[in-house]
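> curious how this folds, go ahead:
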Amino acid sequence: MTGNDTRFEYQTLGLKPAFIGGITDDALQTALNAAGREDWELAQILYAQNPDLGMRLVFKRAR
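Numbers count the residues shown, from 1 in each chain. Sure thing, here's the model as predicted:
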């Protein structure tokens with residue numbers, strides 16, 4: 001395997017909370033469905049220390 005060969009490629013997507021409240025279930029569902037239609041698989045959800053910064057979704061798919 002050479003240095004440029006990888007089995008997966010990754011994509012990150014940031015979700016910001018609404019002005020009042022957190023990230024809605026609808027916003028999360030919409031992001032997951034959109035990524036799934038493009039063959040991305042959810043690999044991890046990262047939460048910020050500060051809830052006002054939202055969350056970052058990490059997706060992966062085979063090359």
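> who's the closest spatial neighbour of the residue nearest to the spatial centre of the chain, skipping the chain neighbours?
Relative to the mean C-alpha position of the chain, the nearest C-alpha, by CA atoms, centre = their mean, is the one of residue 57, at 2.1 Å. With CB to CB, 6 or more residues apart in numbering as the criterion, residue 57 has its nearest non-adjacent residue at 4.6 Å, and that residue is residue 13. For glycine as for every other residue, the C-beta is placed from the backbone atoms N, C-alpha and C.
> what about this structure, any weak spots by pLDDT?
Applying pLDDT under 70 to the chain flags residues 1-5.
> now do the end-to-end distance for stretch 33-52.
Using CA to CA, to the nearest Å, the end-to-end distance of stretch 33-52 comes to 24 Å.
> buried stuff in it?
Burial within stretch 33-52, assessed by neighbour count using 16 or more other CB atoms under 10 Å, is assigned to 35, 40.
> ok, now stretch 10-26?
Buried positions in stretch 10-26, judged by neighbour count with 16+ other CB under 10 Å: 15, 17, 23.
> in this structure the second one contacts residue 50, no?
When you say that, I think you mean residue 17. No. Here residue 17 does not reach residue 50: they are 10.3 Å apart, not a contact under CB atoms under 8 Å.
> from the buried residues of stretch 10-26, pick the one nearest residue 32.
Of all these, residue 15 has the smallest distance to residue 32: 10.2 Å, by CB to CB.
> which ones are touching that closest one?
Counting by CB atoms under 8 Å, 6 or more residues apart in numbering, residue 15 touches 23, 27-28, 31, 54-57.
> which among those residues end up buried?
23, 31, 54-55, 57.
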